[in-house]
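[1] After the sequence you'll find the predicted model.
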Amino acid sequence: MGQEFYLTGYFYAAVFLAVGAVVVLGGLIASLLLAPRGHKTREKLRAYESGEEPVGTAWVQFPVRFYIFALLFVVFDVEAIFLFAWATRFGQLGVVGLVEMAIFILVLVAGLVYAWRKGVLKWT
């Protein structure tokens, strides 16, 4: 009985992967069959954005500080997710959970102070 139950999990995983592969391949085949095929004219290949003519080239280099600012946003956004999950289970975690979260927040505050001192949070 134990061996059969053990193999059942692999069967479900294989079925899940097979169904996923069929859905992906079906989407690819459908796009090949249903996609319009026409002549590519200069007008069709022109860049179009909200009815405005593009000005300049699309290859603009953004300063690195924008990427670092975005990464910091993601880090603190994920921190908020962990805090909400921790808050829902706070009663069950007790003092150990409180100490672990305090250490987690201290590490993140140290990272924030470091970024602040490096001037990463200055937008201009």
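    Yes, it's here.
[2] Who are the packing partners of the lowest-mean-pLDDT helix or strand in the chain?
    Ranked by mean pLDDT, DSSP states H and E, the weakest helix or strand in the chain is helix 64-88, scoring a mean of 85. Judged by 3 or more Cβ pairs under 8 Å, 6 or more residues apart in numbering; DSSP states H and E, the packing partners of helix 64-88 are helix 90-118. For glycine as for every other residue, the C-beta is placed from the backbone atoms N, C-alpha and C.
[3] Pull the distance from the helix it packs on to the chain's centre.
    23 Å (Cα atoms, centre = their mean, to the nearest Å).
[4] Buried ones in that helix, by neighbour count?
    101, 108, 112, 115 (16 or more other Cβ atoms under 10 Å).
[5] next one: stretch 73-89
    79, 86.
[6] outside of that stretch, which residues touch it?
    93, 97, 101, 104-105, 108, 111-112 (Cβ atoms under 8 Å, 6 or more residues apart in numbering).
[7] which residues touch L7?
    L7 neighbours (Cβ under 8 Å, 6+ apart): none.
[8] quick one, longest helix in this protein?
    Secondary structure of the chain per DSSP state H: the longest helix is helix 2-34.
[9] Rounded mean pLDDT for that helix, please.
    In this model, helix 2-34 has a mean pLDDT of 90.
[10] ok, now stretch 117-124?
    79.
[11] Now it: buried residues?
    V120.
[12] got the contact list for it?
    65, 68-69, 72, 115.
[13] rewinding a little: might you calculate how far the least confident helix or strand of the chain sits from the centre of the chain?
    The answer for helix 64-88 is 12 Å, by Cα atoms, centre = their mean.
[14] quick one, it and helix 90-118 angle?
    Orientation check (axes from the mean of the first three to the mean of the last three Cα atoms, to 10 degrees): helix 64-88 against helix 90-118 gives 160 degrees.
[15] Quick check on K122: phi, psi?
    phi -80, psi 120 (degrees, to the nearest 10).
[16] rewinding a little: now render the buried residues of helix 90-118 as TSV, adding distance to A21.
    Formatted as TSV, the buried residues of helix 90-118 follow (distance: Cβ to Cβ, whole Å):
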residue	distance to A21
M101	41
L108	40
L112	44
A115	43
